[in-house]
Each structure stands twice: as structure tokens, then as C-alpha cells.
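S.K.: Quick one, what's the 3D model for this:
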Amino acid sequence: MKKLFILPLAVLTAACGNNKDVKEDTLTRLSQSMEANYVDTMELRLTDFKKQTISNGKLVAARKSALRFNSSGIISEVNFVNGQNVRKGELIACLDPEAALISLSQAENAMKKAEIDLNDVLIGFGYGNADTTDIPQGTMAIARTRSGYADAEQNYRRALYDYEGTRINAPFDGKVAGIKGRVYENAPSDNFCTVIDDSSFDVTFPLLESEIPSVRTGMEVKISPFNDPEKVYTGRIKAVNPMVDEKGQIEITASVDNTDGNMMDGMNVRVLVEELIKGQQVVPKSAVVMRDNQEVLFVYQPADSTARWVYVDIVMSNSDSHVVRVNKERNAELALGDYVITSGNLNLAHESKVIARK
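M.R.: Numbering: from 1, shown residues only. You can find the predicted model right below:
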């Protein structure tokens with residue numbers, strides 16, 4: 001009976017011994033794996049830091065003109081379509097000019113008759129063929145009124161205005177937008193179209209009152225459309241509205257050139273204002289990790305190939321970097337020239353063995 005119990009016990013002992021060997025082997029490999037921490041480093045030095053303030057804005061064409069007919073009638077020509085480029089002075093559209101031309105011709109004839117009557121009145125005053133510049137201003141005013149020349153001149157100006165009101169010409173180079181009529185239709189009572197100079201845009205965006213000290217006219221801004229965040233245009237602040245609204249915000253206006261022609265009036269954009277602050281301890285965001293609910297850096301020690309953690313405070317941040325300073329409450333030490341670990345630091349502990357990549 002003793003042999004029956006001894007044999008299973010021996011087997012069990014051997015099995016436990018094997019499990020122990022496996023466990024120790026696993027721990028050894030894990031330890032070796034943890035010790036093989038490859039890291040990237042950077043030398044800590046004072047560099048310039050770009051402090052970033054982000055806001056949202058809307059593009060407004062620097063020049064935009066809503067155009068309408070100054071006369072009523074039937075549209076006879078529309079020479080452009082929406083989005084088409086137009087040159088200054090080009091005829092965009094016009095009404096049937098027949099009625100306006102008749103009125104203008106009648107006004108011209110009335111002017112000619114009034115001019116004859118004006119000369120007759122001047123002869124009566126004894127000036128004959130004298131140069132009109134030699135006639136006293138008061139005398140000329142009486143003569144213009146008696147002859148009907150003053151009224152004829154006003155009627156002619158009105159008829160010319162009505163004729164010109166049948167035509168819409170581009171006031172500057174740009175693009176035609178928002179056309180609201182077609183040939184043979186009555187002229188709309190409101191705007192017929194808009195001409196937009198899309199060579200440059202203004203972008204208006206709000207900043208908090210507390211952010212204004214770091215903003216000034218002439219400062220560079222980066223502008224990215226919401227529909228293409230990777231595309232970046234460079235502009236400059238041209239105006240700071242000296243009023244704080246009910247939300248504690250101040251309106252900023254920047255100008256930006258439409259370098260590739262893809263910007264459009266009314267487009268929503270992201271605005272990045274950058275202020276250059278010199279002589280800061282700047283590290284990549286990847287260099288800062290959390291330990292004990294505190295921000296820390298790992299500093300590479302070449303003497304023994306270990307990583308020493310250093311408690312730090314984050315002073316400022318932008319999209320990819322932090323400005324840091326040593327946390328004096330933790331009696332931490334950090335000096336210029338230290339090698340800060342920038343990658344491979346997520347699982348490091350204090351004095352972990354590391355291998356710095358060349």
C-alpha cells in the first residue's frame with residue numbers, strides 16, 4: 001500500500017518542479033524583455049517656443065460688390081455664369097435699352113434747344129459771343145434759369161443715368177456669383193448678382209480678453225479650411241477691435257492671400273495665432289508621461305545606461321511641444337545638457353535600464 005502512495009507523490013513532486021522551472025524561465029525572459037528598453041533622446045537646451053492660440057473664423061472677401069439694375073425692364077443679355085472670372089468694366093448683363101435710348105435722345109434734343117435759348121438770353125444781357133467764363137456767376141445763373149437750360153441739363157443727366165442703369169458692369173476684377181435672372185425675364189427688384197474679388201480675404205475671429213496681450217497687428221497667423229485641415233495659408237493680423245463683447249471676447253481681423261484660388265467667401269476656417277517666446281526649455285509632448293499623478297520626464301544617464309525620472313511642471317503647450325520647468329516641491333533636478341528621453345518611455349520606471357538608439 002505504501003508503494004501505491006509514493007508513486008503519485010513522486011510524480012506530483014516532479015510536476016511541481018517542472019512548473020517552477022517554467023515560471024522562473026518566464027520571469028527571466030520577461031525581465032530580460034523589460035530590460036531591453038530602446039529609447040530616443042534629445043539634449044535639453046534653451047530654444048524658441050511658439051505659443052499657440054486657436055480660434056475659428058469665417059472668410060470674407062476683401063472686396064465684394066452686390067450689383068443691381070437701376071432701371072426696370074426685360075433682361076436682354078446675361079454674359080456670365082456663376083463662378084466665372086470677370087474683368088473690370090466688362091458687361092455682365094443688360095436690359096432691353098430701347099426705351100432708355102429714346103428718353104436719352106429726347107433729353108439731348110431738349111439740351112440743344114435750351115442751349116440756343118441760353119445764348120439768346122445772354123445776348124439780351126449784352127454778352128453776345130463773349131466767353132462764358134467772363135460772364136458774372138449771378139448773371140449766368142439767371143440766364144440758365146430763364147432759358148430752361150438748367151432744367152434741360154438735369155433731365156439729360158437723369159436720362160443718361162436711366163440708360164446706364166440698364167447695364168451692369170464689373171466694378172473690379174473678380175468672380176461673378178449669385179446671379180438671379182435670365183434672358184427674357186423681368187429685372188429683379190433686388191440684387192442681380194455679386195462680384196467677388198477672391199484674390200485676398202479677411203478672416204474675422206474672436207479671442208478671449210485674457211489672450212489679447214499676446215496679439216498685435218502685423219503678427220503672423222496660420223489659417224486652415226475646415227474641409228481641408230492639412231492645407232495651411234499664412235496671413236497677418238491687420239486689426240484688433242478695441243471693444244470687449246458680452247462674452248468677454250474681442251474681434252480680431254487678419255488678411256490672407258488666396259494663393260491657390262481654393263478659398264471661397266463665407267468659408268469656415270481654423271485660425272492659429274503663434275507668438276514666439278525665446279529661451280525656453282522645450283520638449284516634445286511624447287517626452288512627458290504621468291507617474292504618481294504627476295508629470296515627469298525621464299533623463300538618460302549614460303554612465304550606467306539607466307533612466308532617472310524627474311518631476312516637472314508644464315508651463316505652456318502647443319500642438320506638439322511643452323515648455324517645462326523642474327518641480328521644486330518634489331526637490332527634482334533638471335539641467336541644460338541633460339538627455340531627455342522622448343520615446344520608449346511609457347513603461348519605464350525609475351532607474352530602469354535602457355538602450356539609447358544611435
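
S.K.: The chain - how does it break down into domains?
M.R.: 36-47+279-356, 52-61+197-278, 63-193 (automatic domain parsing).

S.K.: now those domains in CSV, with mean pLDDT and mean neighbour count?
M.R.: From N, CA and C alone the C-beta is placed, and that goes for glycine too. Converted to CSV, the domains of the chain look like this (pLDDT from 0 to 100; neighbours: other CB atoms under 10 Å):
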stretch, mean pLDDT, mean neighbour count
domain 36-47+279-356, 93, 16
domain 52-61+197-278, 92, 16
domain 63-193, 91, 15
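
S.K.: Residue 47 - nearest residue in space that isn't next to it in sequence?
M.R.: Excluding the flanking residues, the one nearest residue 47 by CB to CB, 6 or more residues apart in numbering is residue 282, at 4.9 Å.

S.K.: And for residue 307?
M.R.: Residue 307 sits nearest to residue 298 (CB to CB, 6+ apart), 4.3 Å away.

S.K.: which residues pair with the one you found across the strands?
M.R.: For residue 298, the beta-bridge partners under DSSP bridges are residue 309.

S.K.: Please look at it and residue 340 and confirm they touch.
M.R.: Yes - in this structure, residue 298 is within contact of residue 340 by CB atoms under 8 Å, at 7.3 Å.

S.K.: any residues in contact with both of the two?
M.R.: Residues touching both residue 298 and residue 340 by CB atoms under 8 Å, 6 or more residues apart in numbering: residue 287.

S.K.: re the thing from before, contacting residues for the residue nearest to residue 307?
M.R.: By CB under 8 Å, 6+ apart, the neighbours of residue 298 are 39, 287, 289, 307-310, 340-341, 345, 348.

S.K.: Tell me how far it lies from residue 349.
M.R.: 9 Å (CB to CB, to the nearest Å).

S.K.: again with residue 87
M.R.: The value you get for residue 87 to residue 349, if CB to CB is used, is 71 Å.

S.K.: surely residue 264 meets residue 64?
M.R.: No - with contact defined as CB under 8 Å, residue 264 and residue 64 do not form a contacting pair (11.7 Å).

S.K.: Just put the contacts of residue 298 in a markdown table and tack on distance to residue 157 and secondary structure.
M.R.: Formatted as a markdown table, the contacts of residue 298 follow (distance: CB to CB, whole Å; DSSP: H, G, I helix; E, B strand; the rest coil):
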| residue | distance to residue 157 | secondary structure |
| --- | --- | --- |
| 39 | 84 | strand |
| 287 | 75 | helix |
| 289 | 79 | strand |
| 307 | 87 | strand |
| 308 | 88 | strand |
| 309 | 85 | strand |
| 310 | 83 | strand |
| 340 | 78 | strand |
| 341 | 82 | strand |
| 345 | 81 | coil |
| 348 | 86 | coil |
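
S.K.: Does the residue nearest the centre of the chain lie in a helix or a strand, and which?
M.R.: For the chain, residue 223 is the residue whose C-alpha lies nearest the centre (CA atoms, centre = their mean; 3.5 Å). Using DSSP states H and E, the element containing residue 223 is strand 220-225.

S.K.: now residue 109
M.R.: helix 98-124.

S.K.: and that helix, how far from the chain's centre?
M.R.: Here the centre of helix 98-124 is set off from its chain's centre by 56 Å, with CA atoms, centre = their mean, to the nearest Å.

S.K.: Please apply the same query to stretch 176-184.
M.R.: The answer for stretch 176-184 is 30 Å, by CA atoms, centre = their mean.

S.K.: Run through who's touching it.
M.R.: 74-78, 80-84, 86, 92-93, 170, 187-188, 190-196, 265.

S.K.: same thing but 7 Å
M.R.: Residues outside stretch 176-184 that contact it (CB atoms under 7 Å, 6 or more residues apart in numbering): 74-78, 80, 82, 84, 86, 92, 187-188, 191-196.

S.K.: go on, stretch 77-91?
M.R.: 92-94, 167, 169-179, 182-183, 195.

S.K.: Next up, phi/psi of the spatially closest residue to residue 279 that is not a sequence neighbour, please.
M.R.: Using CB to CB, 6+ apart and skipping residues adjacent in sequence, the residue nearest residue 279 is residue 46, 4.6 Å away. Note on residue 46: backbone dihedrals following degrees, to the nearest 10 are phi -80, psi 130.

S.K.: isn't residue 46 right up against residue 278?
M.R.: No - contact criterion CB atoms under 7 Å: residue 46 and residue 278 do not qualify, at 8.1 Å.

S.K.: Now, the contacts of stretch 176-184 that are in strands?
M.R.: Members of the contacts of stretch 176-184 lying in strands (criterion: DSSP state E): 75-78, 86, 92, 193-196.

S.K.: Including distance to residue 100, could those go into a markdown table?
M.R.: Formatted as a markdown table, these follow (distance: CB to CB, whole Å):
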| residue | distance to residue 100 |
| --- | --- |
| 75 | 14 |
| 76 | 12 |
| 77 | 14 |
| 78 | 18 |
| 86 | 23 |
| 92 | 17 |
| 193 | 20 |
| 194 | 24 |
| 195 | 23 |
| 196 | 28 |
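
S.K.: Closest to residue 112 out of the contacts of residue 298?
M.R.: residue 287 (88.3 Å; CB to CB).
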